[in-house]
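> sharing a sequence plus its predicted fold:
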Amino acid sequence: MPFSLYLLCACGAAAQVVLALRLHMGRPWAAVAACVAAMALAARGMGSASRAMAAMARVVLAAGTCGICACLACAQVEVAEGTARALERSAVSSCELEVCADASLGTRGYRARAHVRRGGARLGDVWVRSEERYDMGTRIRAVGRFSRGTGEWRLMSERQGVCGTVNVVHALKVTPASGPRAWVNERRLVALAAMEPERSAARAILAGSVCGSKDAMARAGIDKVFAACGVAHLVAVSGGHIAIVGALVERLLGGTRLGPVPRSLVLLATTGLFVLFCGAPVSAVRSWLMCLVAFGSRLAGRRGHSLSAVCAVALGMVMVDPAVTGQVGFVLSVASVVGLCLLSPYFGYVLRQVVARPRLPARVPRPVRCAVDRGVDFVRDSLSACLVAQFATAAITCSMFSQLSLVAPLANLALALPFTVMVGAGMTVACLAGTPLAAVPLVPCDVAGTAVSWLLGWMSRLPYASVAVSCDMVVAGMITVGVTAAILVWWPTVRRGPVLAVTGSLAAVSLCLLLRWRFFSPARVCVLDVGQGDAILVQQGAYAVLVDAGPDQAAAAELARLHVMHIDAVVVTHMHDDHFGGVGAVLGEVPCDAVFVARGVRGNIPEEFGEELERRGKEDVREVGVGDELEVGDFRLCVVWPEEPVDGSENADSIELALTYDDGSRTMSGLLTGDAEKDETAGALSAGRVGDVDFLKVGHHGSKVSVTPDEARELAPEVSVASAGAHNRYGHPSPECRRVLERAGSRFLCTMDVGTVTLEPGERGVRVFTERSP
């Protein structure tokens, strides 16, 4: 095991500890010193089996390297803090924003990372969000609003060295990139014009795979299909793409008389241009630097060692920019390569024991036998690599994206050949772009891309192609490291029979759990903790309805944590972003049959929401009005407000749902109010559509006008639950609302204090469970 691996882990941990603590936590330099001491002790333990001098050298090297990394991370935090203060105290237009990474298309326009410059000096980095797409190297002076963000988004940004987001309102001056970057951008645009990514799914995949442009994939929703099938890495330019490009260049150089060194230099130059052409993502930069290290090893006459190379390259990148440890692409790339280096031999051994070569009859010709044997070996090697990569990155993907693809090994295996053909032909298109010959290689691109699109579409529709999973990254990472260490130390021998028995048992247990989560869930109402927004899950057995979906991906993550694998419908109470903003994420993670809105709203759906529904194949939005009912097992959800058609733009337009449950032995009743307040609830009460309830989902996040004392006494809820985000600028829930409900005898809970609140029917009233202690 190379010492550089331990050093990489130690430096990455030190950088993330400092970035997570941040300067305002008290004494950052004391935290840095503590990190250095801890890493030094770890290094001493790792070197204790060696000679005294070697052990001491390792201690000094580890302590010094981790100390430098931690100090650099601390300095990075100081720079980010200074940049944030500068943007908060002065106008955004006083600074120049230089785009330094490819823009990605989201629900609110394009988002790209940019350097903030003032007077020629670089201050720090921000996200730039705008309706226009800006290429790398573009410099912008703009009128805009700066925000540091809140919650998980702010934490994630700070761990990447980004101090906040600039929302561009109006661009005053846009200066395109110059020099080599301008030439690369121009060639890229020409190549994209030749590929026509909006023309078909195959062309969209081609543009993402070869040019690193995923806009067309995002608009068509293809990126979600790739994620569901566990093959998103195929359009995240990395080592696989560089290997394909390198193989093509090797083939072209095969007929030349170039020696090994000139040939390697040509390969490095070509693959380096390809990395720049794709926008220089960190995974591709890491792969190219590994090629450079391998070339240097050959020149020095040393044996190549992939694990040492990836650790050395990753460690160098961390020392240059400690915040790279917070970028998901970098961490996934390094984790997968390290996993492949460590575990591929063992996984390959297990598959060779389990999947034996077929015994063909003696009369079968020898060439056929050889071909079959090579095919079986290819399948085993490919499957081994897929399983190792998925195992090595599972802790990160499950915690970050709350999704685990069960068809990923099959999908990676099936796409190996068509995807290689598509990337190879696509590179030819990029080279010939702007000439009449560019149309020739597009033919195999279309054939291979259509095959890729069809295969992924079919696999994503398989039952349980991907399942919602939520886990703690630290715990899952420790389990991954522990299992890896056990395999490497123990290296257990395997026999086909026991392995098949264990695999069958695990499959049976997994199937039982899946069936339980999908068809036998308990009767419950969950007010999900989604920050400053609303999302309420009503579920029993195989049936589930989600009332609102929060402002972002938080609702999808909560559904994953609760093992919700299917919802029959999403009811959007009204057209405010904190209620419909997360619908796209939910529909992308969990199969859903229908979307409901209030009567009159279908013709007034916001454009971005309509585009999201169209991308998810849910254009047929249904309307409901007073008296309409939704059945969710033994639950009944009856619409009690609004009385007339509405456009959904106001809080008063919110759908209010009276909830009842009765299975013969247990009962429960409640009122779900959306953002409706006292006047709307008074209308439902006076009409006799709702009365005494067991629980109340407090209207408008617990605003001071959400409920009156008379309404609170008439509803008489045992429990009242408000959904609000910590430190929200509205002061929700208000002390007045809390006081009114508590004086009416209700127990008041808020998601920002206790997390997700689960209510279950009981024989003697509603049972309440909270994610955290009040």
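Cool, the structure landed.

> may I have the phi/psi pair for R111?
For R111, the backbone dihedrals (degrees, to the nearest 10) come out as phi -130, psi 130.

> pLDDT score for it?
Reported pLDDT at R111 in the predicted model: 90.

> that one: neighbour count?
For R111, the neighbour count with other Cβ atoms under 10 Å is 16. Bear in mind the C-beta positions are built from the backbone N, C-alpha and C, glycine included.

> tell me who's in contact with it.
Contacts for R111 (Cβ atoms under 8 Å, 6 or more residues apart in numbering) come out as A103, S104, W127, V128, R129, T165.

> from V168, how far out is the first one?
Distance, A103 to V168, using Cβ to Cβ, to the nearest Å: 12 Å.

> what's the longest strand anywhere in the chain in contact with?
For the chain, the strand that runs over the most residues, judged by DSSP state E, is strand 162-175. With contact meaning Cβ under 8 Å, 6+ apart, strand 162-175 is reached by 80-81, 83-84, 87, 92-93, 97, 111, 113-114, 124-132, 134, 138-149, 154, 157, 323.

> what ranges does the stretch 101-250 of the chain have for its strands?
For the stretch 101-250 of the chain, the strands defined by DSSP state E, counting those that start in this stretch cover 104-106, 109-118, 121-130, 139-147, 162-175.

> show the buried residues in the contacts of R111.
A103, W127, V128, R129, T165 (16 or more other Cβ atoms under 10 Å).

> go through these and name the one nearest H574.
Nearest to H574 among the buried ones among the contacts of R111: R129, at 24.8 Å, using Cβ to Cβ.

> separation between that closest one and L123?
Distance, R129 to L123, by Cβ to Cβ: 18 Å.

> the nearest residue to R636 once chain neighbours are set aside sits in which helix or strand?
Nearest non-adjacent residue to R636, counting by Cβ to Cβ, 6 or more residues apart in numbering: T660, 4.8 Å away. Following DSSP states H and E, one finds T660 within strand 656-662.

> in its sheet, what does that strand sit against?
Sheet partners assigned to strand 656-662 using DSSP bridges are listed as strand 635-641 (antiparallel), strand 667-672 (antiparallel).

> buried residues, that strand. List them.
Buried residues in strand 656-662 (16+ other Cβ under 10 Å): E656, L657, A658, L659, T660, Y661.

> would you list those in JSON lines and tack on distance to G765 and pLDDT?
Putting those into JSON lines (distance: Cβ to Cβ, whole Å; pLDDT from 0 to 100) gives the following:
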{"residue": "E656", "distance to G765": "23", "pLDDT": "95"}
{"residue": "L657", "distance to G765": "20", "pLDDT": "95"}
{"residue": "A658", "distance to G765": "18", "pLDDT": "95"}
{"residue": "L659", "distance to G765": "15", "pLDDT": "95"}
{"residue": "T660", "distance to G765": "14", "pLDDT": "94"}
{"residue": "Y661", "distance to G765": "12", "pLDDT": "94"}
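
> which of those residues lies at the shortest distance from Y346?
The closest of the buried residues of strand 656-662, once distances to Y346 are taken by Cβ to Cβ, is Y661, at 51.3 Å.

> how about the contacts made by the closest residue to that closest one other than its chain neighbours?
Leaving out its chain neighbours, the residue that sits closest to Y661 by Cβ to Cβ, 6+ apart is M668, at 4.2 Å. The neighbourhood of M668, defined by Cβ under 8 Å, 6+ apart, consists of V525, L659, T660, Y661, D694, F695, L759, E760, P761, G762, V766.

> the chain - how does it break down into domains?
The chain breaks down into these domains under automatic domain parsing: 3-87, 90-177, 328-406+472-512, 520-770.

> quick check: end-to-end length of the shortest one?
I take that to be domain 3-87. 42 Å (Cα to Cα, to the nearest Å).

> now the last one
Start-to-end span of domain 520-770 (Cα to Cα) is 21 Å.

> before we move on, back to that, which of the buried ones among the contacts of R111 lies closest to G581?
R129 (14.5 Å).

> beta partners of that closest one?
Counting by DSSP bridges, R129 is bridged to R111, N167.

> which non-adjacent residue is nearest S147?
T165 (5.3 Å).

> quick check: the one you found vs A73, distance?
Distance from T165 to A73, by Cβ to Cβ: 21 Å.

> do the same with L432
Computed as Cβ to Cβ, the L432 to A73 distance reads 45 Å.

> next, F378: secondary structure please.
Put simply, F378 is helix when judged by DSSP: H, G, I helix; E, B strand; the rest coil.

> so what's the residue count around it?
13.

> could you do the one 4 residues further on as well?
Applying other Cβ under 10 Å, we find 15 residues neighbouring S382.

> centroid-nearest residue for the protein?
F401 (3.8 Å; Cα atoms, centre = their mean).

> show me what contacts the nearest residue in space to it that is not next to it in sequence?
Distances taken as Cβ to Cβ, 6+ apart place A227 nearest to F401, at 6.9 Å, with adjacent residues excluded. Taking Cβ under 8 Å, 6+ apart as the criterion, A227 is in contact with F401, Q403, S405, S466, G588.
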